[in-house]
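K.L.:
this one's structure only:
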């Protein structure tokens with residue numbers, strides 16, 4: 001059921017994943033903007049996966065102390081939407097040559113990556 005919708009979504013997600021290699025269409029940056037709103041959700045998903053696979057370590061000295069191991073993939077999941085939007089801004093600047101608004105948006109998303 002809904003095969004055409006799933007196919008459309010898969011194509012758009014593939015184009016977002018390889019941002020920067022193809023011209024950006026409206027549907028690409030619209031869906032990528034929606035993913036930007038889900039950045040915290042991606043981070044929470046990473047923590048959920050990590051705590052399911054590897055339960056937190058409980059210290060022998062104090063059973064109330066829990067140490068979480070740092071995980072690189074959690075940070076990567078949280079940064080992916082910002083990286084994709086940054087690459088889309090670079091591609092749109094390359095295609096149009098207009099520094100405004102594309103480089104301004106690039107600066108906005110790059111600052112979001114730093115945070």
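P.N.:
Cool, the structure landed. Just so you know, these numbers come straight off a predicted model, no measurement behind them. Residues are numbered from 1 along each chain as shown.
K.L.:
Helices of the protein, start to end?
P.N.:
3-17, 26-36, 39-53, 72-96, 99-114 (DSSP state H).
K.L.:
Lowest average pLDDT across these?
P.N.:
Here these differ in mean pLDDT, and the lowest is helix 39-53 at a mean of 86.
K.L.:
ok, and what's touching that helix?
P.N.:
Helix 39-53 has contacts (CB atoms under 8 Å, 6 or more residues apart in numbering) with 68, 69, 71, 73, 74, 75, 76, 77, 78, 80, 81, 82. Yep, even glycine has a C-beta here, placed from its N, CA and C like the rest.
K.L.:
And for stretch 6-23?
P.N.:
25, 27-28, 31-32, 35, 84-85, 87-88, 90-91, 95.
K.L.:
6 Å instead, please
P.N.:
Identification of contacts with stretch 6-23 by CB atoms under 6 Å, 6 or more residues apart in numbering yields 27, 28, 31, 32, 84, 87, 88, 91, 95.
K.L.:
Most widely separated two among these?
P.N.:
Maximum pairwise distance in the contacts of stretch 6-23, criterion CB to CB, is 18.5 Å, between 31 and 95.
K.L.:
what's the distance between residue 8 and residue 31?
P.N.:
10 Å (CB to CB, to the nearest Å).
K.L.:
out of these two, which sits in the busier spot?
P.N.:
Neighbour tally, residue 8 and residue 31, criterion other CB atoms under 10 Å: the higher count belongs to residue 31, 17 against 12.
K.L.:
check contacts around the more buried one.
P.N.:
residue 12.
K.L.:
change it to 8 Å
P.N.:
Residue 31 makes contacts with 12, 13, 16, as judged by CB under 8 Å, 6+ apart.
K.L.:
do the same with residue 26
P.N.:
Contacts of residue 26 were listed using CB under 8 Å, 6+ apart, and none were found.
K.L.:
Against residue 3, how distant is it?
P.N.:
In terms of CB to CB, residue 26 sits 23 Å off from residue 3.
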